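Q: Dropping a prediction and its sequence here:
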Amino acid sequence: MQHVLALDLKDDPALIAEYEAHHRAVWPEVQAHLRRHGVTEMKIYRLGTRMVMVMHTDDTVYDAARMQAASESDPVLVEWEALMWKFQAPTPWTPKGSKWIELQKVFDFRSPPV
């Protein structure tokens with residue numbers, strides 16, 4: 001399954017550079033957490049302060065609520081999330097208390113096989 005989510009960064013070039021540096025060396029515990037919870041691929045794109053995450057999951061394993069609960073009970077993941085929140089900001093449409101918010105698909109084009 002593919003999930004597409006959005007989040008903003010704080011509008012500070014130094015913080016954005018630091019955020020990107022952290023994502024060139026994501027902690028192994030964070031990567032293990034993603035694998036354990038069925039995330040098979042994750043990419044984050046940025047335009048200005050807006051970020052879009054494209055996440056592919058194995059839905060025989062992936063459960064968003066279970067993954068969130070696990071990240072809130074693991075001290076290393078709590079530390080990572082606290083560090084990331086230094087750089088992140090909710091979008092204007094993000095519900096209070098949330099971070100990444102799933103986008104609504106509005107168009108889907110598939111070219112027929114040649």
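A: Cool, got the structure.
Q: contacting residues for residue 75?
A: By C-beta atoms under 8 Å, 6 or more residues apart in numbering, no residues touch residue 75. To be clear about C-beta, it is placed using only N, CA and C from the backbone, and glycine gets the same treatment.
Q: And it, how far from residue 82?
A: Distance, residue 75 to residue 82, by C-beta to C-beta, to the nearest Å: 10 Å.
Q: swap in residue 21?
A: If you measure residue 21 against residue 82 using C-beta to C-beta, the figure is 17 Å.
Q: Give me the phi and psi for the spatially most central residue of the chain.
A: By C-alpha atoms, centre = their mean, the chain has its centre lying nearest to residue 53, at 5.3 Å. Per-residue torsions, residue 53: phi -110, psi 130 (degrees, to the nearest 10).
Q: Contacts only, for it.
A: Residue 53 neighbours (C-beta under 8 Å, 6+ apart): 3-7, 42-45, 100.
Q: quick one, helices of this protein?
A: Ranges of helices in the chain, per DSSP state H, are 13-23, 28-36, 64-73, 75-85.
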